[in-house]
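Attaching a predicted model along with its sequence, questions to come.
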Amino acid sequence: MLREFRADLHIHTCLSPCGDLGMSPIAIVRQALGIGLQIIAVCDHNTVENAAAVGRAAKGSGLTVLPGMEICTSEEVHIAAIFGDMTEASMMQTVVYEHLEGENDEDAFGKQQVVDENGLVLGFNRRLLIGATKLSIEETVESIHSHNGLAVAAHIDREGFGIIGQLGFIPEELKLNALELSPRIAPEEAKSRFARYDKYPFICTSDAHYLTDVGTGMTTFNLEQPSFSELRMALGGEAGRSIAALIRRGHR
């Protein structure tokens, strides 16, 4: 039997250089549960190194945690990649690291903390995670799909790093699984503004960098259970699975 599940599919941790240092795995899980989320996806910039820790922090809580990352393409477009398990996510991370140059400047961009489930610092990622990879949009989406992931154009309503803001359009041949809206725009306004792209499903996420941002944008899905395979079916409109509603709890 299908029922509604609330999801926020774009949350950063303290590993993202622009993320608050308070975004530890256990804090994120507690915040997500406190506002009634059942599914979250961890999407740090160009890395999945904290995703498994969030999954461990959520063990036994009833919260489904999906590993992912927010990849910056060579065109400086953000594509959120979401995976069903850490094996596929880690393989995609290898591809991204092979195409990511530069070293992080903590004074300019902030610390990039790799932590355990309780927030204990295990080390620091020295890569320039805030930077752009040398992967084109097409190469990025193709590689995500080759690793059985979902490719979502991030925050399309934003000028900076949004695909429409950067390119002026969405390439017709690009095989995206969804378009993401930020909490800055009302879903009704967005669907009108981007009506030409209604062949894609729209989702709303928080793109949270601070605990208070978690769940400010969310999507409810009609699913049998809160899993990656069910989510994939909902985005594809398969077997009765579907997107029930886009929820905007606030904006920044």
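Sure thing, it's come through. Numbering: from 1, shown residues only.

only C-alpha atoms for contact and neighbour calcs from this point on.
Fine.

To which secondary structure element is residue 61 assigned?
According to DSSP states H and E, residue 61 maps onto no helix or strand at all.

Got the confidence number for it?
On pLDDT, residue 61 comes in at 98.

repeat for residue 19
So residue 19 comes in at 84 (pLDDT).

can you check residue 84 too?
pLDDT, read off for residue 84, is 98.

isn't it right next to residue 231, touching?
No: Residue 84 is beyond contact range of residue 231, at 9.7 Å (criterion: C-alpha atoms under 8 Å).

Looking at these two, which has the bigger crowd around it?
Of the pair residue 84 and residue 231, residue 231 is the one with more neighbours under other C-alpha atoms under 10 Å, namely 25 against 21.

That one touches residue 223, doesn't it?
Yes: contact criterion C-alpha under 8 Å: residue 231 and residue 223 qualify, at 7.3 Å.

Common neighbours of those two, please.
residue 241 (C-alpha atoms under 8 Å, 6 or more residues apart in numbering).

For the stretch 1-150 of the chain, which segments count as strands?
3-11, 39-45, 64-72, 78-82, 113-115, 121-124, 150-153 (DSSP state E, counting those that start in this stretch).

Mind listing the strands the fourth one pairs with, and their directions?
Sheet pairing here is set by DSSP bridges, and for strand 78-82 it gives strand 64-72 (antiparallel), strand 150-153 (antiparallel).

out of these, deepest packed?
strand 64-72 (a mean of 28; mean count of other C-alpha atoms under 10 Å).

before we move on, the earlier item: same list (the strands of the stretch 1-150 of the chain) but as CSV, adding distance to residue 30.
Below are these laid out as CSV (distance: least, C-alpha to C-alpha, whole Å):
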stretch, distance to residue 30
strand 3-11, 13
strand 39-45, 12
strand 64-72, 12
strand 78-82, 21
strand 113-115, 16
strand 121-124, 19
strand 150-153, 26
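
Low-confidence ranges, the stretch 1-150 of the chain, go.
The model of the stretch 1-150 of the chain has no residue with pLDDT under 70.

Where do the helices of it begin and end?
Here the stretch 1-150 of the chain has its helices, by DSSP state H, counting those that start in this stretch, at 25-34, 51-57, 86-98, 106-109, 137-146.

Hmm, residue 148 and residue 232 touching each other?
No: using C-alpha under 8 Å, residue 232 is not in contact with residue 148; the gap is 10.2 Å.

just the helices in the stretch 151-252 of the chain please.
Under the criterion DSSP H, counting those that start in this stretch, the stretch 151-252 of the chain contains helices at 163-167, 187-193, 228-236.

what comes into contact with the second one?
Pointing back at helix 187-193 there. 157, 181, 198, 204, 246, 247, 248.

Can you redo those as TSV, where the extra columns are distance to residue 25?
TSV is the format used below for the contacts of helix 187-193 (distance: C-alpha to C-alpha, whole Å):
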residue	distance to residue 25
157	28
181	24
198	35
204	22
246	25
247	24
248	23
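
Just the buried ones among these, please.
157, 181, 204, 246, 247, 248 (16 or more other C-alpha atoms under 10 Å).

Inside strands: which ones of those residues?
Among the buried ones among the contacts of helix 187-193, the members found in strands (DSSP state E) are 181, 204, 246, 247, 248.

before we move on, back to that, for residue 75, find the nearest of the helices of the stretch 1-150 of the chain.
Among these, helix 137-146 comes nearest to residue 75, with 7.1 Å by C-alpha to C-alpha.

Which other helices and strands does the closest one contact?
strand 78-82, strand 150-153 (3 or more C-alpha pairs under 8 Å, 6 or more residues apart in numbering; DSSP states H and E).
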